[in-house]
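> my questions concern the predicted model and sequence given below.
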Amino acid sequence: MAGPVVGIDLGTLNSCVAVVKDGKAVVLADEARTTTPSCVAIHQGRELVGAAARRHAVTSPQSTVIAVKRLMGHAFDSDEVRAAAARVPYTLSASPLGGVVLEVENSQLTPVEVSAKILARVREVAEKALGEPVTRAVISVPAHFNDVQRKATKLAAERAGLEVLRLINEPTAAAFAYGYKKHQDFTLAVYDLGGGTFDVTVMRARGDTFEVVATDGDSYLGGEDFDYAIAEWLESEFNAEHGSDLSTQQAARLRLKEAAEKAKVELAAAEVAQIDLPFLAVLPDGSRVNFSRTLSRQKLADLCKPLIERTLELCDRCLSTARIVRGEVGEVLLVGGQSRMLAVRDAVKSYFAKEPRRDINPDEVVAIGAALYAYSISADELQQAAVDAAEDAYDVAVRRTEVARKIVREVEDLRAKPLDDRGLAARLQTLLAATQADGTIPPEFNDTTVPGSIGPITFGVSESQEDDSPRMLEPAHEPLQLEGLLGNSAGGDSELPSAVKDLKDELLQLDYKAAELIEQLAVDVRDGEASKLLEVAKERLSDNLEVAKDASDEVVEQIKSAVEHKQARRVNLRDVTSLPLGIASAGNIFTVLIDQNVVVPTELKRVFTTHQDGQAEVEIRVFQGRARNVGDNQLLGSFVLEGIAPARRMEPKIEVAFRIDENGILAVRACDAESGAQQGIRIEDPLGLQQVEPAEPAGEDGLDVER
């Protein structure tokens, strides 16, 4: 049977997992918390993940990895990694292929490996809550994640033992959670300000189609940046007060960062937060000094104003791309823990001129949306699995009921025909041989003249010897028919199939009759052997009835489950590309094949040509980004197309095709029209990152755009 499919929000600071149970999305708790800290720590060679790692960070920040999501899919010499290296208390180094390695307490970890450990913990939380294995998930990613970052996330999930049914953009998941049960058209803006990233998405729902109109974002704009803004202010205040410089005192700076985060959280409910840090730092004269400051809600808003304004600039760009004005947005949904900040809520309210929705928990909404989408795309499979399980359980119930009926019928015969103890023992021995311990019946004791029915059996007694004493009702058990319940109608008939009703009715009769018959027969039994055999028959009857009743109950539960899955809403989710995708053409110019905000899945082709006479091969370098020069964009991968038919420059026609699947993952193929030579690439190893060498033109062996 298909197991549960969960929805996971793999967050920068916290992760969350949810599942649909009885048609409703439920967040699964981790140690009484609805979220799991996205932290991994190494302590004396032992790994800590989640809440334990978060607690460890208080005393040993240098051996605790937090916010690794910000490093996912980035080259070591990228601006993002350089910014992170200046802030984290551990060392970042380059992998042999140009990726990032985190050196934590004599251990070397990649961002994918750290994320895999977090996902493994989240999976463990789900399995503990559900009481069964969890191997499949829909996982959310920031909408602006590029191809490499998406593949890194998928690889981390696979290393955690999870099959990724779909990667879903975080704002899309949030919108899905909002609109899944609405069954009405709407236009929604999702403002998603999480711990490390910001996304804004405009989405429309029309019937059962959820369509992303446009999306934008920044992978280095989130709650962490708000914390650093406060911490930097505190550091400048300390330096001014003591004429000192904290830049070399890493432990003190980490305490400031922790205090900043705590004060920010307090100001969600209070007007003022008091910050007291005893023995914060050591002055040049060797003395240790305390530090105190008061942070008001207004000062917090002033410190974070540039960050909030940056989010609104991205909102401007997203709405412009979507070609809609603010007044056309029907609802605004706040997502991500940082969106709880009052200054953020006020800014969003002012920008859209409407009150943002606050009835959905911003920490849980993405996981809930991912779980609902997981349920939507797997409902057909889950329905079929429930049907199969119902049919299997029905077969067990019927088989065990037949065995119980045979025993009851034979006991009736024994009571009707007086036998001495020796004869009774012989008949009981025959009965037990005919009803084996596993509930099966040897073929020679079956009457197959009517499919599914059980005719009279005599266990060696001819029909002429039978008397006319009343017998148990012997109904024919029909095959299980579920078409009426699971037909084309939305809900179907809620009544149980007649075969199940008849089976349960007979089990009630058998249960009542069986004990009475055996007790009556036992009164006259004197022989020890016959008595023992009668006890075995009684036990076997009881066992078969119990199994049959349990199986019939399972049939009912699985039928209910199948009906529930049938009623699940099937939706068509149309997401879009987050960034332009293209290749390097002559002069290192970025030539776009698939632009930003193109609906996926999609495939687009473009014809290129050679740059010099007799060119037999071309290198095709694939990039993602917005810059005109490829050196300012992200290199996703490269390959060489060989075997180009000899020709003068600009004559060959080389078709390059880009295809993006529903997860936003890219495959590229190139083909020479004349020779038929073709080659392609699907970048499956996101750790094999490369960085474009500066000032290296694509001219000699590269492509030129066909004129």
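Sure thing, it's come through.

> now do the helices in the protein.
51-59, 79-85, 111-130, 147-159, 170-179, 223-242, 250-266, 297-322, 342-352, 365-416, 421-434, 498-523, 528-567 (DSSP state H).

> out of those, the one nearest Asn588 is which?
Nearest to Asn588, of all the helices of the chain, is helix 79-85, at 18.9 Å by Cβ to Cβ. (Glycine included, C-beta is placed from N, CA and C.)

> of the helices of the chain, flag the one that's most buried.
Comparing the helices of the chain by mean neighbour count (mean count of other Cβ atoms under 10 Å), helix 170-179 ranks first with a mean of 28.

> contacts for it next, please.
7, 9, 25, 140-143, 168, 186, 188, 190, 192, 194, 199-201, 203, 205, 210, 212, 215, 331, 333, 335, 357, 360, 365-370, 372-373, 571, 573, 575 (Cβ atoms under 8 Å, 6 or more residues apart in numbering).

> what's the closest of the helices of the chain to Cys16?
helix 365-416 (3.8 Å).

> the closest one to helix 170-179, inter-axis angle?
Going by axes from the mean of the first three to the mean of the last three Cα atoms, to 10 degrees, helix 365-416 is angled at 60 degrees with respect to helix 170-179.

> quick one: helix 365-416 to chain centroid distance?
Averaging C-alpha coordinates over helix 365-416 and over its chain gives two centres that are 28 Å apart (Cα atoms, centre = their mean, to the nearest Å).

> ok, stretch 625-645 next?
Distance, centroid of stretch 625-645 to centroid of chain: 32 Å (Cα atoms, centre = their mean).

> only the buried residues of that stretch, if you could.
By neighbour count on 16 or more other Cβ atoms under 10 Å, the buried set for stretch 625-645 is 625, 630-631, 633-639, 641, 644.

> if you average pLDDT over it, what comes out?
Stretch 625-645 comes out with an average pLDDT of 90.

> show me where pLDDT drops low in this structure?
1-2, 417-421, 433-479, 481, 483-495, 515, 520-521, 523-527, 683-707 (pLDDT under 70).

> if we go to 50?
1, 441-476, 488-493, 686-700, 707 (pLDDT under 50).

> domain parsing for it?
Here the domain parsing of the chain from automatic domain parsing is 1-181, 223-306, 389-567, 577-705.

> end to end, how far does the shortest one reach?
End-to-end distance of domain 223-306 (Cα to Cα, to the nearest Å): 13 Å.

> what's the answer for the third one, then?
For domain 389-567, the separation between the terminal residues is 18 Å (Cα to Cα).

> sorry, back to before: tell me the buried residues within the contacts of helix 170-179.
Among the contacts of helix 170-179, those buried by neighbour count (16+ other Cβ under 10 Å) are 7, 9, 25, 140-143, 168, 186, 188, 190, 192, 194, 199-201, 203, 205, 210, 212, 215, 331, 333, 335, 357, 360, 365-370, 372-373, 571, 573, 575.

> looking at those, which are in strands?
7, 9, 25, 140-141, 168, 186, 188, 190, 192, 199-201, 203, 205, 210, 212, 215, 331, 333, 335, 573, 575 (DSSP state E).

> which residues sit in contact with Thr135?
Taking Cβ under 8 Å, 6+ apart as the criterion, Thr135 is in contact with 3, 161-163.

> can you flag the buried ones in those?
Leu162.

> quick one, what contacts Tyr180?
Applying Cβ under 8 Å, 6+ apart, the residues near Tyr180 are 369, 372, 376, 569, 571.

> pretty sure the fourth one sits against Asp208.
Yes - counting by Cβ atoms under 8 Å, Arg569 touches Asp208, with 6.8 Å between them.

> between the two ends of stretch 325-333, how far is it?
17 Å.

> and if you look at stretch 104-112?
With Cα to Cα, one end of stretch 104-112 sits 15 Å from the other.

> go through the buried residues of stretch 625-645 and name the one nearest Ile589.
Looking across the buried residues of stretch 625-645 and measuring by Cβ to Cβ, the closest to Ile589 is Val630, at 7.2 Å.

> isn't the closest one right up against Ile589?
Yes - counting by Cβ under 8 Å, Ile589 is a contact partner of Val630 at 7.2 Å.

> I figured Glu224 hits Ala67, correct?
Yes - shown here, Glu224 and Ala67 form a contact pair, counting by Cβ under 8 Å, at 5.6 Å.

> returning to what we had before: among the contacts of Thr135, which ones are in strands?
Checking the contacts of Thr135 against DSSP E, those in strands are Glu163.

> now render the contacts of Thr135 as CSV, adding distance to Ala522.
Shown next, in CSV, are the contacts of Thr135 (distance: Cβ to Cβ, whole Å):
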residue, distance to Ala522
Gly3, 46
Gly161, 55
Leu162, 57
Glu163, 56
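
> what's the closest of the contacts of Thr135 to Ala231?
Using Cβ to Cβ, the contacts of Thr135 come closest to Ala231 at Leu162, 35.1 Å.

> how near is the nearest residue to the closest one once chain neighbours are set aside to Pro96?
With sequence-adjacent residues excluded and distances taken as Cβ to Cβ, 6 or more residues apart in numbering, Leu162 is closest to Ala137, at 4.9 Å. Counting by Cβ to Cβ, to the nearest Å, the separation of Ala137 from Pro96 is 31 Å.

> who's more crowded, these two?
Ala137 (29 against 8; other Cβ atoms under 10 Å).

> partner residues bridging that one?
Beta bridges link Ala137 to Val6, Val164, judged by DSSP bridges.

> right, and it touches Leu165 too?
Yes - here Ala137 lies in contact with Leu165, judged by Cβ under 8 Å, at a distance of 6.8 Å.

> what do these two both touch?
Shared contacts of Ala137 and Leu165, counting by Cβ under 8 Å, 6+ apart, come down to 5, 374.

> follow-up on the earlier one: switch the buried residues of stretch 625-645 over to CSV; also include distance to Asp245.
Below are the buried residues of stretch 625-645 laid out as CSV (distance: Cβ to Cβ, whole Å):
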residue, distance to Asp245
Gly625, 37
Val630, 40
Gly631, 36
Asn633, 38
Gln634, 36
Leu635, 39
Leu636, 42
Gly637, 44
Ser638, 45
Phe639, 50
Leu641, 56
Ile644, 61
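
> and those, which is closest to Glu266?
Gln634 (38.5 Å).

> I figured the closest one hits Arg626, correct?
No - Gln634 lies out of contact with Arg626 (Cβ under 8 Å); the separation is 10.3 Å.

> okay, and the common contacts of Glu224 and Ala67?
12-13, 195-196.
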